[in-house]
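Chemist: task: produce atomic coordinates for the following.
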Amino acid sequence: MALSDIGDMTRHARKHGYAIGYFESWNIESLQGVLDAAEETRSPIIIGFNGEFLSRADRKAKERLALYAELGKAAAESVGVPCGLIFNECPRDQWVRLAAIHGFNLVMPADPAVPYDEYVHRVGALTKFAHQHGVSVEAEVGELPCGVSGEMEGNGSLTDAGVAARFVEATDVDLLAVSVGNIHISLNGEHKLDMDRLAEIRKRVDIPLVLHGGTGIAADSLRGAIALGVVKVNYGTYLKRRYLTAIRAALNNDMANPHELLGIGGNADVMVAGRLAVREAVLERITNLGCCGRA
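Modeler: Residues are numbered from 1 along each chain as shown. Now for the predicted structure:
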């Protein structure tokens, strides 16, 4: 089916008490693994790509944003479950505008390095532009700490409910990502969320709430967050770690025929190994969202 309206998807999730998973992709194998899991569980899904990564000036090869958009739209049309397409976490406004033009139906401007007032102004302008193109906007108030070293890097900043309410009113965004104890690139263990803070945000903010850093959120906290109105949860780190483990194992093969390793689709195919690893990783996490069977 064609891309599903983000507003329709989030309203249904909120009404029926579940969350939609955004399982980030980086190539066609990872994308197909996500789709495989969504179809197997009959789950609505959000697919997409990392805007901060794709738009970096120091990438060794130029990226064609239109190609990623067409790939995502074709992916949505290939599955029989509701599917949204996000250009996620991009600090470069022109790329966000291009994503809206090219057909992503959800974009997320994100630039924690800039002052708050500047961010409000930029997000407000981008939201107006996106809405003119029928595209929904997600933004973030507060900043998640990073766990890539195994320790917390930087303190992050927890979301203040009052600031969040004023931000939503000033920018007219459609979804709000919050920092309530969740962690970006969490490599060790699981973490509890600040449920009291999340409940206070819910009282002050009526639009759908989002949790980034789904990899490290404890299952009981996740269920509690969904009960408080979180309708979207992001996963990325967990998928890439599982993908890399599978690829490394698959490459430990001295087979001479390169087609057996790349593209033929059999047991030795590295691309198949990556796709299946992502599918299994999604299947392990998607049940916690309550979305299985909701398509």
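
Chemist: just the element for residue 166, please.
Modeler: Residue 166 is part of helix 161-171 when elements are defined by DSSP states H and E.

Chemist: how about residues contacting that helix?
Modeler: Contact partners of helix 161-171, identified using C-beta atoms under 8 Å, 6 or more residues apart in numbering, comprise 116, 120, 123-124, 127, 137, 139, 141-142, 173, 176, 178, 197, 200-201, 203-205, 207. For the C-beta atoms, the positions are set from N, CA and C on the backbone; glycine is no exception.

Chemist: so where's the stretch 51-200 of the chain uncertain?
Modeler: Scanning the stretch 51-200 of the chain for pLDDT under 70 picks out 147-155, 185-189.

Chemist: quick one: the helices in it?
Modeler: Listed in chain order, the helices of the stretch 51-200 of the chain (DSSP state H, counting those that start in this stretch) span 51-54, 65-78, 93-102, 116-132, 161-171, 195-204.

Chemist: what does the first one rub up against?
Modeler: Outside helix 51-54, the residues that touch it by C-beta under 8 Å, 6+ apart are 26, 59, 63, 65, 68, 87-92, 95-96, 99, 107-108, 110.

Chemist: among these, name the buried ones.
Modeler: Taking 16 or more other C-beta atoms under 10 Å as the criterion, what is buried in the contacts of helix 51-54 is 26, 65, 68, 87-92, 95-96, 99, 107-108, 110.

Chemist: nearest to residue 266 among those?
Modeler: Using C-beta to C-beta, residue 26 comes nearest to residue 266 of the buried ones among the contacts of helix 51-54, at 23.3 Å.

Chemist: on that earlier part again, nearest to residue 249, out of the helices of the stretch 51-200 of the chain?
Modeler: Nearest to residue 249, of all the helices of the stretch 51-200 of the chain, is helix 51-54, at 24.8 Å by C-beta to C-beta.

Chemist: what's the distance between the closest one and the middle of its chain?
Modeler: From the chain centre to the centre of helix 51-54 is a distance of 12 Å (C-alpha atoms, centre = their mean, to the nearest Å).

Chemist: report the contact partners of residue 139.
Modeler: Contacts of residue 139 by C-beta under 8 Å, 6+ apart are 108-110, 123, 127, 167, 171, 173, 175-177.

Chemist: may I ask which of the residues you listed has the most neighbours?
Modeler: For those, counting by other C-beta atoms under 10 Å, the largest number of neighbours falls to residue 108: 30 neighbours.

Chemist: beta partners for the closest residue to that one other than its chain neighbours?
Modeler: Spatial nearest neighbour of residue 108, chain neighbours left out: residue 138 (4.3 Å); criterion: C-beta to C-beta, 6 or more residues apart in numbering. Counting by DSSP bridges, residue 138 forms beta bridges with residue 175.

Chemist: now the strands for this protein?
Modeler: Using DSSP state E, the strands of the chain run over residues 20-23, 45-50, 83-90, 106-109, 136-141, 175-178, 209-211, 230-235.

Chemist: so which of those is the most surrounded?
Modeler: The highest mean neighbour count among these, using mean count of other C-beta atoms under 10 Å, belongs to strand 106-109: a mean of 29.
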